[in-house]
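In: sequence and predicted structure are below.
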Amino acid sequence: MAAAAASGSVPAAPRVGLLYDNRMCAHATPDGEDHPESPERLRAIWRKLVAEGIASRCQVLKAKEANENHIASVHTQDHIKLMRDISSKEYDSSRDDIAKGFNSIYFNEGSSESAFLAAGSVIEVSEKVAAGELNSAIALVRPPGHHAERDAAMGFCLFNNVAVAANYLLNERPDLCIKKILIVDWDVHHGNGTQKMFYDDPRVLFFSVHRFDFGSFYPSQGDASHCFIGEGAGQGYNINVPWEHGKCGDADYVAVWDHILLPIAEAFDPDIILVSAGFDAALGDPLGGCCITPNGYALLLTKLLGFANGRVVMALEGGYNLKSIANSVCACAKVLLGDKFAFNAREKRPFESTWRVIKMVRDELKTYWPVLSSKLPKNVPLRSVPLYIEPYASSGSESDVEDVDELPDAVSSVDIVQVVDDGLSERITMLKLDQDNVATKNTSSCTTVEQSPTDSVQVQNDGSVVAPTRIYDLPFTWRSALSKVYVWYASFGSNMWTPRFLCYIEGGKVDGMSISCFGSHDTSPPRGTMWKNVPHRLFFGRSSTPCWGTGGVAFLNPEINYNDKSYICMYKITLEQFNDVLFQENRLVDSSEDGKNEFPDSPLIGLSEMESISSNKALHLESIKDSWYSNVLHLGEEDGLPILTMTCPSTDVARHKSGELPLAPPSETYSATLIKGLVEGKQLDTQEAANYINDAAARGL
């Protein structure tokens, strides 16, 4: 090195591979409809790289289709065959129906070739980096891959591109001496498919940092939690860092890098790093709702280059804002090329919740990685959980995102990257966690959430509820939003008895019920319970129910009558859970052939409906007008939260009065359940409760 310096020679710039192939743009929606995962994603990135002079500084590669045998290392033969044939004329009439059988998938005539090219491309660049032909590489591929599971496409992903490449290096090319692979998945969504493929394999250290939102954020699977750490020989080699909410940005990710990923990476000592490089955690992304800047990504990547001799392969995953994804990939490419950059943090403090998650993950993994047992400093400057959290950012792909800072000329090493963030990197690196000195907030409190245009159902002038139909209006969008909004659900019937109500939350049944409940997506128990009286008439109508057999069931007359008084037991639950109860009460949930519960794709009560209910004190759900509980009433507020219940529409009350619908006393088992609720809730004694029910059943309307 001294001789080189004396002679004035300049080290050669890193050899960076850049794979781009327009053939992967052939995968598109069958009818040309707009979709976040569009061909324009690749084109926008390529245009940016060409305009910035990046492409000309890289070794540009063309895609190669993957060999089916290599894909078979992680996918079943049936899945491979379907992906190979789905674009053929044989499937022209059934292609759309097959796509609907998967979670968030579309197919067209270009899907098969694109899928095989995407998987083959990641193999191609990984092989060249492992062999030393390239120092690092970026594979601009689509469709993405990290959600694809062994036997199923999902979440816009057809083949698991990174998993295919990792298996290829480990099992097909022993001559390359790749024995340990670190997979870093920084896509905003959990890499569920990749996790499952390596869950018991200690040769692969899988790290995923993602929005979790307590299980409500896509893919809404519990195994995205921090406590899923691998099994068998792979215990400790699966690391999940699950954000509790959106808005996480540069400071949050840097803190996780410095206090979880980098210490473990040093101990693991990987031979190569594969990055599932989704950019949907970027500022302005329409699906992610997080705030990483382009230079934030550059800093995260810079920190990874300190391992595996800088052998890093980036494979594109998500990222749906065209400007932010192009800027972010460009910033990362400049880092791989050896450019230095100035890092100016938008926000210098991680969230309190980030610090809490870091502590949970370290505690879970310290047995396997002793380096995590070290103490971390006290009095860390943190910021509060935001009171206003958008579940998704702007719905437009051209949202304003600050441009990548202009970078000086290339230099020989990323080691001299300059951080000028008023000490952010140093402060976060020095953070030492002491739980007694970290102020935390209860994130279960009510949070105001605004839905994007793609999240909410629409209420027409006639009051009917119309579900969105666009292909990317997925169930996780509304669930993620409504999981942060709390309401009081008021029960006047059998749900007054808490064990019976919990059947709607946790699933199952109690004595007297002939059929089981499906339960809610979110099985968390109520955050509070209280009782009230309301000026509505309790009555029992209909003649039998599937659950309780012969006899009437409880309804409230929607009209207020101050001469009447009914008891209600109120449970503090999320608006997502309230919708799940509403679905079950109206028998809108079914079991599929594989035993999974199938809920409606759209909520009956979203945020726009909440505004209508608050203003009008009631909302008749025209879309389920023939169901028994199609009328949602607003009974007031408690602790600033709305009190909602569900009953029959006023037209049914008129039909009961006319005799068109029967009034009938409840069955003995149903009455007993109501009595248990009133007695255990300390509202009435057993005899008083029986008299209350009998009186409601005996009086005419």
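Out: Arrived safely.

In: which element is Asp522 on?
Out: Using DSSP states H and E, Asp522 sits within no helix or strand.

In: chain center to stretch 671-683, what's the gap?
Out: 39 Å (C-alpha atoms, centre = their mean, to the nearest Å).

In: may I have it as CSV, with CA atoms only?
Out: Extracted in CSV, the C-alpha atoms of stretch 671-683 (Å, rounded to 0.1, in the frame of the first residue of the first chain):
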residue,chain,number,x,y,z
SER,A,671,-81.6,-17.1,28.4
ALA,A,672,-79.1,-18.7,30.7
THR,A,673,-76.2,-17.1,28.8
LEU,A,674,-77.8,-13.7,29.1
ILE,A,675,-78.3,-14.2,32.8
LYS,A,676,-74.7,-15.2,33.3
GLY,A,677,-73.6,-12.0,31.7
LEU,A,678,-75.8,-9.8,33.8
VAL,A,679,-74.9,-11.6,37.1
GLU,A,680,-71.2,-11.9,36.5
GLY,A,681,-71.1,-8.3,35.4
LYS,A,682,-72.7,-7.4,38.8
GLN,A,683,-75.6,-5.7,37.2
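
In: averaged pLDDT, it. What do you get?
Out: Here stretch 671-683 scores 95 as its mean pLDDT.

In: and what of stretch 182-193?
Out: 98.

In: show me what counts as buried in that stretch.
Out: By 16 or more other C-beta atoms under 10 Å, the buried positions in stretch 182-193 come out as Leu182, Ile183, Val184, Asp185, Trp186, Asp187, Val188, His189, His190, Gly191, Asn192, Gly193. For the C-beta atoms, the positions are set from N, CA and C on the backbone; glycine is no exception.

In: contacts only, for the fourth one.
Out: Yep, that's Asp185 we're talking about. Listed by C-beta atoms under 8 Å, 6 or more residues apart in numbering, the contact set of Asp185 reads 146, 162, 191, 194, 206-210, 275-276, 278, 317.

In: ok, the residues you listed vs Asn561, which is closest?
Out: His210 (51.2 Å; C-beta to C-beta).

In: which strand residues bridge that closest one?
Out: Residues in a beta bridge with His210, per DSSP bridges, are Pro242.

In: and it, how close does it get to Arg15?
Out: 32 Å (C-beta to C-beta, to the nearest Å).

In: tell me which of these two has more neighbours.
Out: His210 (28 against 17; other C-beta atoms under 10 Å).

In: next, the contact list for that one, please.
Out: Per C-beta under 8 Å, 6+ apart, neighbours of His210: Asp185, Asp187, Val188, His189, His190, Gly191, Phe217, Ala224, Asn240, Val241, Pro242, Trp243.

In: among the residues you listed, which lie within helices?
Out: Counting by DSSP state H, the contacts of His210 place none of their members in helices.

In: in this protein, which helix or strand is least confident?
Out: strand 465-466 (a mean of 34; mean pLDDT, DSSP states H and E).

In: contacting residues for Thr498?
Out: Residues near Thr498 by C-beta under 8 Å, 6+ apart: Thr529, Cys569, Tyr571, Gly677, Glu680.

In: may I ask which two of these are separated the most?
Out: Farthest pair in those, by C-beta to C-beta: Tyr571 and Glu680, 14.0 Å.

In: more neighbours, those two?
Out: Comparing Tyr571 with Glu680 by neighbour count (other C-beta under 10 Å), the higher total belongs to Tyr571, at 25 against 13.

In: ok, the contacts of Thr498 vs Asp522, which is closest?
Out: Tyr571 (13.0 Å).

In: the closest one - that's part of a helix, no?
Out: No. Counting by DSSP: H, G, I helix; E, B strand; the rest coil, one finds Tyr571 to be strand, located in no helix.

In: could you find the closest non-adjacent residue to it?
Out: Pro526 (4.0 Å; C-beta to C-beta, 6 or more residues apart in numbering).

In: for the stretch 601-701 of the chain, what spans make up the strands?
Out: Ranges of strands in the stretch 601-701 of the chain, per DSSP state E, counting those that start in this stretch, are 618-620, 631-638, 641-647.

In: so where's the stretch 501-650 of the chain uncertain?
Out: Counting by pLDDT under 70, the stretch 501-650 of the chain shows low-confidence ranges at 592-595.

In: neighbours of the closest residue to Arg383 other than its chain neighbours, how many?
Out: Take Arg383 and drop its neighbours on the chain: the residue closest to it by C-beta to C-beta, 6+ apart is Arg349, 4.5 Å away. Arg349 has 19 neighbours, counted by other C-beta under 10 Å.

In: Throw the contacts of His210 into CSV and include distance to Gly659, thanks.
Out: Below are the contacts of His210 laid out as CSV (distance: C-beta to C-beta, whole Å):
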residue, distance to Gly659
Asp185, 63
Asp187, 60
Val188, 57
His189, 55
His190, 56
Gly191, 60
Phe217, 50
Ala224, 54
Asn240, 59
Val241, 62
Pro242, 56
Trp243, 57
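
In: show me what counts as buried in the helix or strand encompassing Ala44.
Out: Following DSSP H and E, one finds Ala44 within helix 40-51. Neighbour counts over helix 40-51 (16+ other C-beta under 10 Å) mark Arg41, Leu42, Arg43, Ala44, Ile45, Trp46, Lys48, Leu49 as buried.

In: pull the CA atoms of that helix into PDB?
Out: Coordinates of each C-alpha in helix 40-51 appear next as PDB, following Å, rounded to 0.1, in the frame of the first residue of the first chain:
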ATOM      1  CA  GLU A  40     -42.500   0.900 -15.000                       C
ATOM      2  CA  ARG A  41     -40.700   0.200 -11.800                       C
ATOM      3  CA  LEU A  42     -37.800  -1.300 -13.600                       C
ATOM      4  CA  ARG A  43     -37.800   1.300 -16.400                       C
ATOM      5  CA  ALA A  44     -37.800   4.200 -13.900                       C
ATOM      6  CA  ILE A  45     -34.800   2.800 -12.100                       C
ATOM      7  CA  TRP A  46     -32.900   2.200 -15.400                       C
ATOM      8  CA  ARG A  47     -33.600   5.700 -16.600                       C
ATOM      9  CA  LYS A  48     -32.200   7.100 -13.400                       C
ATOM     10  CA  LEU A  49     -29.100   5.000 -13.500                       C
ATOM     11  CA  VAL A  50     -28.400   5.900 -17.100                       C
ATOM     12  CA  ALA A  51     -29.100   9.600 -16.500                       C
END
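
In: what pLDDT, on average, does it get?
Out: Mean predicted lDDT for helix 40-51 stands at 98.

In: and that helix, what does it pack against?
Out: Applying 3 or more C-beta pairs under 8 Å, 6 or more residues apart in numbering; DSSP states H and E, one finds that helix 40-51 makes contact with strand 312-316, helix 322-336.

In: tell me the angle it makes with helix 322-336.
Out: 50 degrees (axes from the mean of the first three to the mean of the last three C-alpha atoms, to 10 degrees).

In: could the strands of the stretch 601-701 of the chain go into JSON lines alongside distance to Lys509 and mean neighbour count?
Out: Formatted as JSON lines, those follow (distance: least, C-beta to C-beta, whole Å; neighbours: other C-beta atoms under 10 Å):
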{"stretch": "strand 618-620", "distance to Lys509": "29", "mean neighbour count": "20"}
{"stretch": "strand 631-638", "distance to Lys509": "25", "mean neighbour count": "19"}
{"stretch": "strand 641-647", "distance to Lys509": "20", "mean neighbour count": "22"}
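
In: out of these, which comes closest to Lys484?
Out: Taking C-beta to C-beta, strand 641-647 is the member of the strands of the stretch 601-701 of the chain nearest to Lys484, at 12.8 Å.

In: in its sheet, which strands sit next to the closest one, and in what direction?
Out: Taking DSSP bridges as the criterion, strand 641-647 sits next to strand 486-491 (parallel), strand 631-638 (antiparallel) in its sheet.

In: pull the helix or strand just after the first one out as PDB, backbone CA atoms only.
Out: Along the chain past strand 486-491, the next helix or strand (assigned with DSSP H and E) turns out to be helix 498-506. The C-alpha atoms that make up helix 498-506 are tabulated as PDB, following Å, rounded to 0.1, in the frame of the first residue of the first chain:
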ATOM      1  CA  THR A 498     -67.500 -12.400  28.400                       C
ATOM      2  CA  PRO A 499     -66.600 -16.000  27.700                       C
ATOM      3  CA  ARG A 500     -69.300 -16.100  25.000                       C
ATOM      4  CA  PHE A 501     -68.100 -12.800  23.500                       C
ATOM      5  CA  LEU A 502     -64.500 -14.100  23.400                       C
ATOM      6  CA  CYS A 503     -65.600 -16.800  21.000                       C
ATOM      7  CA  TYR A 504     -66.000 -14.100  18.400                       C
ATOM      8  CA  ILE A 505     -62.400 -13.000  19.200                       C
ATOM      9  CA  GLU A 506     -60.600 -16.200  19.900                       C
END
